[in-house]
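Peer 1: Got a predicted structure plus its sequence, pasted below:
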Amino acid sequence: MPSEDAAPPLDVDQILADPGVRIVVCCGAGGVGKTTTAAALALRAAERHGRRTVVLTIDPARRLAQSLGLTELDNTPRQVKGLDVETSGGELHAMMLDMKRTFDDVVLQHTDPAKAAEIFANPFYQAMSSTFAGTQEYMAMEKLGQLHARGDWDLIVVDTPPSRSALDFLDAPARLSRFLDGRMLRLLLAPARSGGRSMFSLVTASFGMFSKVVQKVLGAQLLTDLSGFVAALDSMFGGFRQRAEQTYRILQADETAFLLVAAPESDAVREAAYFAGRLRDERMPLAGLVLNRVHQPAAPGLSAERSLAAAERLADVGGHEGTVEVLRAHAALAQQSVREQRVAARFTEAFPAVPAVSVPAQPADVHDVDGLRTIGEAISRR
Amino acid sequence: MAASEQPAESAGRWPGRLHVVTGKGGTGKTSVAAALALGLAAGGRRTLLVEVEGRQGIAQLFGTDPLPYEERHLTDAPGGGEVRALAVDAEEALLEYLDMFYKLGAAGRALRKLGAIDFATTIAPGLRDVLLTGKVKEATTRTSGSRRAYDAVVLDAPPTGRIGRFLNVTAETARLAKVGPIKTQSEGVSALLRSPMTAVHVVTLLEEMPVQETLDAVADLTQFGFPVGQVIVNGVRPPVPAGRAVTAAELKRGLAAAGLPTDARTVAGLAEEARDQRVRRELEDSLRGDLVELGLPLIELPLLPDGVDRVGLETLAGTLVRAD
């Protein structure tokens, strides 16, 4: 990247140290190292900046989870032991999102135990709480709202779900509202609201054709289950929606910093640029771009062309097989680096004001606290 | 030119007609699915490339307008074949389905206006999946006259984390629909997905998370009774001869012989690169070993230095289908 095009450097330490920043949200396409970045930032906030930090991970790699002491998915933050926090006085807590359990908790909060048991037994609830494509996003929002409301932490670092699109996370509250305000839901709710008479008579009267089709296609039992579920939804979701909207407003506030995570690959960069546009539209505070897995030659003075030409010459001469191999590898690395810069420049050109930092590709995957520290150093290197 | 009796030259490696391609996000499963559709169409056959997640990944890959819910010509394959493409949308599929069975016509549009379709596909995820897979089944088994519409259907399926649930439609819908045509439909889909006509292929990279997810997905798929086809390792860098580590002194002599700078910084830099490369290679070898232990056929696709463009897709297609 020519220097005049280069994005301003992203100062991660400034964000992590700022007491005014209470939430850091890491978002981006799947497979770009979002979870690792979130964990590394949280660790650094605790160890370096003395903050009482909690990291909410969605679906961490097994060994990374183990390294944070997350051996069970119990939906509660657990303190990570054995960290270097004596000087700073910080703390790191970590948790993995259990979406079904979070959903169950919401139900329990809003209904009495008998009603809750009824809801848990409803097949629609079971389907929606464990498999609904948007549930993970809703529940991540819900959990973030809960953690924020508890006020126990200086800083909450959130990893976002590996969605079909990273945007689902932002869209969760709106989708939920649309769903709950849908005419369909209101029609189905009419009987429940008017005193729990059988929905069939009412439904048949108001839109008999629909109920006929549903009964034909899905069977009558399904309609009964559906009616039960919808009635239950109505009683508990008002509060849930309100909180989802609250969380949405928190995400727009100054106490939040969004970090886009990407890798120098076309898809990931496109997703990041798309997301940056959305954050701007939604007036959410984008703090910067973390570009992971960037390849940089350690001997930058030697160009790919020169290196390859020399390798060919040496191969002809013979006797320097080791060097030939090193030079070829260097040439490939240098070429890759140029390509990556070209891809990354697409983001910078579209969002020249967004600060960015490149994190060198690690030779091996990160799955311990030391590895996270190394990543933290790399992200903060200025 | 769809002729079911004509044995596919690639039948050895790619038996079956429905190829379900999954993989962790970021492994390039869409590119692999597209390359497979292209490879299987080569030599005058016709294939259908299907996506079901509304991502418009196929359109992005081929640089076309967003795909509608309609089978369309996507591209010609080498040797006179054709790849067609379809983006299945659950709502459209439900309407089509209702229309097919109940002749709804305008009533169907009214249902959509009411939000009924959105509602039905939102609230019952299993229903959504059975509609999506149902459409795939229909395309796979469709015939016109005595000929099959497609020699092969390639599905760019949901990622490894969701694939088991996505394909396991009977279990999901059985919880909701105990009787009725949806149940019948899901049983038909389930039978096809568990038959030798189907193969589920898992795309991975030689990186820890994708490999772990591949192992998990294969275990899940096997447990659910889906035939797992190939493990496709994408983005493989050219093999480096696993020679011994070169010493700094040797390197310096070599650089001098090649007329390159031999300053300490260059030598140390190159040595560091070589060391990283060796660490990486050891990790990749060990991950490859984990994949080999699955006992499934393994195909390696080269890393395309210039990204996946049309030429790149044909390279991948050639590697996939030639690899007998």
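Peer 2: It's in. Since the structure is predicted, the reported quantities are computational estimates derived from the model, not experimental observations.
Peer 1: Next, residue B:257: phi, psi?
Peer 2: phi -60, psi -30 (degrees, to the nearest 10).
Peer 1: Now do it: how many residues are near it, please.
Peer 2: By other Cβ atoms under 10 Å in any protein chain shown, the residues close to residue B:257 number 16. Yep, even glycine has a C-beta here, placed from its N, CA and C like the rest.
Peer 1: Nearest to the spatial middle of chain A, which residue is it?
Peer 2: By Cα atoms, centre = their mean, the mean C-alpha position of chain A lies nearest to residue A:160, the distance being 1.1 Å.
Peer 1: what's the distance between that residue and residue A:316?
Peer 2: Noted for residue A:160: a distance of 53 Å to residue A:316, by Cβ to Cβ, to the nearest Å.
Peer 1: what sits against residue B:204?
Peer 2: B:23, B:24, B:27, B:210, B:211, B:213, B:214, B:231, B:232, B:233, B:234, B:291 (Cβ atoms under 8 Å, 6 or more residues apart in numbering or on different chains).
Peer 1: what's the distance between the fourth one and chain A?
Peer 2: To tie it back to what came earlier, the one meant is residue B:210. As judged by Cβ to the nearest Cβ, to the nearest Å, residue B:210 and chain A stand 7 Å apart.
Peer 1: Please name the nearest non-neighbouring residue to residue A:343.
Peer 2: Once flanking residues are discounted, residue A:343 sits nearest to residue A:264: 4.9 Å by Cβ to Cβ, 6 or more residues apart in numbering or on different chains.
Peer 1: Next one, pLDDT for the spatially most distant residue from the centre of chain A please.
Peer 2: Relative to the centre of chain A, and counting by Cα atoms, centre = their mean, the farthest-placed residue is residue A:317 at 53.3 Å. Note for residue A:317: predicted pLDDT of 86.
Peer 1: That one against residue B:256, yeah?
Peer 2: No. Judged on Cβ atoms under 8 Å, residue A:317 makes no contact with residue B:256 at a distance of 11.9 Å.
Peer 1: list the buried ones in the lengthiest helix in chain B?
Peer 2: For chain B, the longest helix by residue count, based on DSSP state H, is helix B:264-292. For helix B:264-292, the neighbour count (16 or more other Cβ atoms under 10 Å in any protein chain shown) marks B:266-267, B:269-271, B:273-274, B:276-278, B:280-281, B:283-284, B:287-288, B:291 as buried.
Peer 1: just for the stretch 151-300 of chain A, where's the confidence low?
Peer 2: A:162-170, A:172-224, A:226-227, A:230, A:232-240 (pLDDT under 70).
Peer 1: Now the stretch 151-300 of chain B against chain A: closest residue?
Peer 2: Residue nearest to chain A within the stretch 151-300 of chain B (Cβ to the nearest Cβ): residue B:254, separated by 2.5 Å.
Peer 1: which residue does the stretch 251-382 of chain A bring closest to chain B?
Peer 2: Closest point on the stretch 251-382 of chain A to chain B, by Cβ to the nearest Cβ, is residue A:323, at 2.5 Å.
Peer 1: OK, contacts around that residue?
Peer 2: A:311, A:314, B:246, B:250, B:251, B:253, B:254, B:255, B:257, B:258.
Peer 1: Tell me the most packed of these, by neighbour count.
Peer 2: Most surrounded of the contacts of residue A:323: other Cβ under 10 Å gives residue B:254, at 27 neighbours.
Peer 1: Can you pull the phi/psi pair for that one?
Peer 2: Residue torsions, per degrees, to the nearest 10, at residue B:254 are phi -60, psi -50.
Peer 1: What's the separation between it and residue A:333?
Peer 2: 17 Å.
Peer 1: what's the answer for residue A:275, then?
Peer 2: Counting by Cβ to Cβ, the gap from residue A:275 to residue A:333 is 29 Å.
Peer 1: more neighbours, those two?
Peer 2: Remark: of residue A:275 and residue A:333, residue A:275 carries more neighbours, 26 against 22, as counted by other Cβ under 10 Å.
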